[in-house]
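K.L.:
this one's structure only:
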Ligand code: BES
Ligand code: MN
Ligand code: ZN
């Protein structure tokens, strides 16, 4: 991953490929943000005018490249838009810094080193810039033939080194903020890698192997239930979904424990390594990106490892419900009835509503330990994408205060989410004449129907929330801010924040 340091160097003295500065959108045009005073001086205080001449406005995400002034060791200045200038003495919002740093890092792909001279009011701002830069510098080039005969045609590789200027390298709070950023983003970027890895190389077994290796490295206990253990344990949901695939399913349990922990969180992730729809096959146009259907499991995995690496005083158990949803002669048919791990029976009316089936078993397994709260994360429904769009995940649950706390935690780390209801009247749509319930209900409100299905498999009295990340998990459009094309790492930062808040007893 991109290296990151807090540097005491001034902008002119730094040996680097570029210096990054911030530009706000002022009432009368672009305004050079704090942190770039020395740079502006080198232009005799006329930098804002120079940028305006070049067409810059300070709009969020805007990148303007200018030759660096005489006397600078770096040849290039990258001015990045921060959006509307804040009122009075208030600094820029952390999310504006994150996005600007991300856009700048993306614009510098292929460069060796850049100095970031963005406005920093405190250590938290330094953390935000570090996060944005490391998130924006992400590149997935595992499958590009770099360095071979195609050199130059392929990805340029990420910006290799970021030096944060204007921070306080000897200040404990600054150091902690950038270290936290590097840890969280390191794991988040690994989640992106897993999502981007093609499904022929990441089947349930391969994913479980990655989790086992990471567990060993970071002192997390990992237990893997293979297809035999799943059959013995009666995990009919996970087995039913995996039945059509040549690659058998897995249930992975990751246990991070801290000796002084007072609370126990369980995170449950949907890990469909490829969702073809099964016998209810998805049509062309709906299956090309379905390698992303394990994004929930990837987020849970990343969050548990990050919690361990941060040494948070909270026990976090991650459950990865891994299966490949394929059609074949052994696949579950529409009309089949599955006996779930909880003992309930489910009539499978549509094999493409598979996420809720694997999650049901994992939620019930998680419930057996009676954690203080369970949060599941899943690319669960197209309906949630229709409702909230591509950048916002839906939050449902059985406890309004907990649901609100999750939305707040997400907001505080720069993730967009929205509370969604679980209307009771939608439950009867899943009544089945044959089994305890069906895996489908009314079409209208499909995201909420899926949430109501999951609720049936949460242990009595356990606080639970469900994050439907089908929209933001995978970016099919162009990159923006710190968000790349492809896997985004959606919900990782929210899950880490939730663990931090639980550890410190500050969950509001
Ligand atoms: N993995 C899909 C949901 C999805 C859609 C994720 C778009 C990411 C982007 C899920 O398994 C699915 O197929 N859901 C069905 C449920 C329906 C059959 C009740 C859906 O949303 O159409
Ligand atoms: Mn599906
Ligand atoms: Zn799916």
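P.N.:
Noted; the coordinates are in hand. Remember, predicted model here, so these are calculated numbers, not experimental data. Ligands and ions are numbered 1, 2, ... in the order given.
K.L.:
how about low-confidence regions in the stretch 151-300 of the chain?
P.N.:
Scanning the stretch 151-300 of the chain for pLDDT under 70 picks out the ranges 151-155.
K.L.:
Quick check: residues of it near ligand 2?
P.N.:
residue 275 (C-beta under 5 Å from the ion). (Glycine included, C-beta is placed from N, CA and C.)
K.L.:
before we move on, what about the stretch 301-450 of the chain?
P.N.:
352, 354.
K.L.:
just checking, what packs against the helix of greatest length in the chain?
P.N.:
The longest helix of the chain (DSSP state H) is helix 172-196. The contact analysis (3 or more C-beta pairs under 8 Å, 6 or more residues apart in numbering; DSSP states H and E) places helix 172-196 against strand 3-7, helix 123-136, helix 295-310, strand 486-487, helix 492-504.
K.L.:
Dump those to JSON lines, plus mean neighbour count.
P.N.:
Formatted as JSON lines, those follow (neighbours: other C-beta atoms under 10 Å):
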{"stretch": "strand 3-7", "mean neighbour count": "18"}
{"stretch": "helix 123-136", "mean neighbour count": "27"}
{"stretch": "helix 295-310", "mean neighbour count": "30"}
{"stretch": "strand 486-487", "mean neighbour count": "23"}
{"stretch": "helix 492-504", "mean neighbour count": "24"}
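K.L.:
got TSV for the ones you listed, with distance to residue 347 too?
P.N.:
Shown next, in TSV, are the helices and strands packed on helix 172-196 (distance: least, C-beta to C-beta, whole Å):
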stretch	distance to residue 347
strand 3-7	52
helix 123-136	43
helix 295-310	24
strand 486-487	33
helix 492-504	32
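K.L.:
Which among the ones you listed is found nearest to ligand 3?
P.N.:
helix 295-310 (9.7 Å; C-beta to the ion).
K.L.:
For beta bridges, what are the partners of whichever residue of the stretch 151-300 of the chain sits closest to ligand 2?
P.N.:
The stretch 151-300 of the chain approaches ligand 2 most closely through residue 275 (4.4 Å), counting by C-beta to the ion. Applying DSSP bridges to residue 275 gives these bridge partners: residue 325.
K.L.:
who's in contact with it?
P.N.:
Neighbour list for residue 275: 282, 287, 290, 293, 325, 352, 354, 355 [criterion: C-beta atoms under 8 Å, 6 or more residues apart in numbering].
K.L.:
Can you say which of the helices and strands packed on helix 172-196 is nearest to residue 176?
P.N.:
helix 123-136 (7.2 Å; C-beta to C-beta).
K.L.:
That closest one packs against which elements?
P.N.:
Contact here means 3+ C-beta pairs under 8 Å, 6+ apart; on that basis helix 123-136 packs against strand 3-7, helix 94-107, strand 161-165, helix 172-196.
K.L.:
from the ones you listed, which stretch is densest packed?
P.N.:
Among the helices and strands packed on helix 123-136, ranked by average contacts under mean count of other C-beta atoms under 10 Å, first place goes to helix 94-107 (a mean of 26).
K.L.:
and that helix, how far from the chain's centre?
P.N.:
16 Å (C-alpha atoms, centre = their mean, to the nearest Å).
K.L.:
same thing with stretch 442-455?
P.N.:
Worked out by C-alpha atoms, centre = their mean, stretch 442-455 lies 23 Å from the chain centre.
K.L.:
Please report how far the one residue in the chain that gets nearest to ligand 2 lies from residue 448.
P.N.:
Residue nearest to ligand 2 within the chain (C-beta to the ion): residue 352, separated by 3.8 Å. Taking C-beta to C-beta, to the nearest Å as the measure, residue 352 falls 18 Å from residue 448.
K.L.:
Between these two, which has more neighbouring residues?
P.N.:
Set side by side, residue 352 and residue 448 show more neighbours around residue 448, with 24 against 20, by other C-beta atoms under 10 Å.
K.L.:
Can you verify my assumption that the more buried one contacts residue 388?
P.N.:
No. Counting by C-beta atoms under 8 Å, residue 448 sits too far from residue 388 to count as a contact (11.9 Å).
K.L.:
Would you tell me whether the longest helix of the chain gets close to ligand 1?
P.N.:
No. Using C-beta under 6 Å from any ligand atom, helix 172-196 never reaches ligand 1; the gap is at least 11.3 Å.
K.L.:
just checking, next helix/strand downstream of that helix?
P.N.:
Proceeding N to C from helix 172-196, the next assigned helix or strand is helix 204-218, under DSSP states H and E.
K.L.:
And that following helix, what's buried?
P.N.:
By 16 or more other C-beta atoms under 10 Å, the buried positions in helix 204-218 come out as 204, 205, 206, 207, 208, 210, 211, 212, 214, 215, 218.
K.L.:
Over to stretch 241-248?
P.N.:
Residues 241, 242, 243, 244, 245, 247, 248 are the ones in stretch 241-248 that count as buried (16+ other C-beta under 10 Å).
K.L.:
Which residue does the stretch 101-250 of the chain have closest to ligand 3?
P.N.:
Nearest residue of the stretch 101-250 of the chain to ligand 3: residue 241, at 9.1 Å (C-beta to the ion).
K.L.:
Now do the domain split for this structure, please.
P.N.:
Annotated domains of the chain cover 3-170, 189-231+249-324+352-424+447-504 [automatic domain parsing].
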